[in-house]
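Undergrad: got a predicted model here, sequence first, then my questions.
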Amino acid sequence: MPTNKTPTPFGWRYYGQERPAFAIPPGPGQESVWDYPRPPRIEADTREIIVSVQGTEIARTTRAIRVLETASPPTFYLPLIDTARGALIPESGSSTCEWKGNARYLSVRTTCGVMAHAAWMYPDPYPAFRELREHVSFYPGQLHCTVDSEQVHSQPGSFYGGWLTPDIVGPVKGTPDTGWW
């Protein structure tokens, strides 16, 4: 672990050009979050993504988009058309991403009730991320999410929405003592 924890003037010091000494080297078939760029990039993903709650399917697609950003596991965005009709309920409130724009939050309606603040989307993303329009992402800490049948774990921290799968190595942003990255 580096001993110099002095943040840059903007609070960030890694941009995907080289892995820091504390990064876990990826094995065969793995990706390091430290190889992802900053600003993030978007790429299509054709693996089967399923989002469900207690056996009720909320979304299923092979047309997902991954957003890849330094130090974070990928965030998967699924086409709205591939979500169950009536499952998403707009909430009040929003947040702003410096790269993607203004996010709107959604509740997820299930047969068991409503899960507040379980998803989000960018209805009018910034031009560089226009592909995210008409797509939604889900917090894997609240819902059962799989990527090609692999269980997704949530990125640490209450705000982040990254999807951790066995093919991703870190450490990742959100764990204790990562604010200086």
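TA: That came through, no problem. Residues are numbered from 1 along each chain as shown.

Undergrad: contacts and neighbour counts: CA atoms only from here.
TA: OK.

Undergrad: measure the most centrally placed residue in the chain to Val33 for me?
TA: The centroid of the chain falls nearest to Thr75 when counting by Cα atoms, centre = their mean (2.2 Å). Taking Cα to Cα, to the nearest Å as the measure, Thr75 falls 12 Å from Val33.

Undergrad: quickly list what's touching both of the two.
TA: Listed contacts common to Thr75 and Val33 are Leu68; contacts here mean Cα atoms under 8 Å, 6 or more residues apart in numbering.

Undergrad: quick one on the thing from earlier: skip the chain neighbours and tell me the closest residue to the residue nearest to the centre of the chain.
TA: Excluding the flanking residues, the one nearest Thr75 by Cα to Cα, 6 or more residues apart in numbering is Gly162, at 4.5 Å.

Undergrad: burial check on that neighbour, number of neighbours?
TA: Neighbour count of Gly162, defined by other Cα atoms under 10 Å: 29.

Undergrad: which strand residues bridge Ile168?
TA: Glu31 (DSSP bridges).

Undergrad: so what's the residue count around it?
TA: 20.

Undergrad: same check on Val67?
TA: What Val67 shows, counting by other Cα under 10 Å, is a neighbour count of 21.

Undergrad: again, but for Glu91
TA: Neighbour number of Glu91 under other Cα under 10 Å is 14.

Undergrad: now Pro127: phi and psi?
TA: Main-chain torsions, Pro127, degrees, to the nearest 10: phi -50, psi -40.

Undergrad: could you do Val33 as well?
TA: Per degrees, to the nearest 10, the backbone of Val33 is at phi -60, psi -10.

Undergrad: ok, the closest residue in space to it that isn't next to it in sequence - contacts?
TA: Leaving aside its chain neighbours, Val33 sits nearest to Ala71 (4.8 Å; criterion: Cα to Cα, 6+ apart). Ala71 is in contact with Val33, Trp34, Tyr36, Gly170, Pro171, Val172, Lys173, counting by Cα under 8 Å, 6+ apart.
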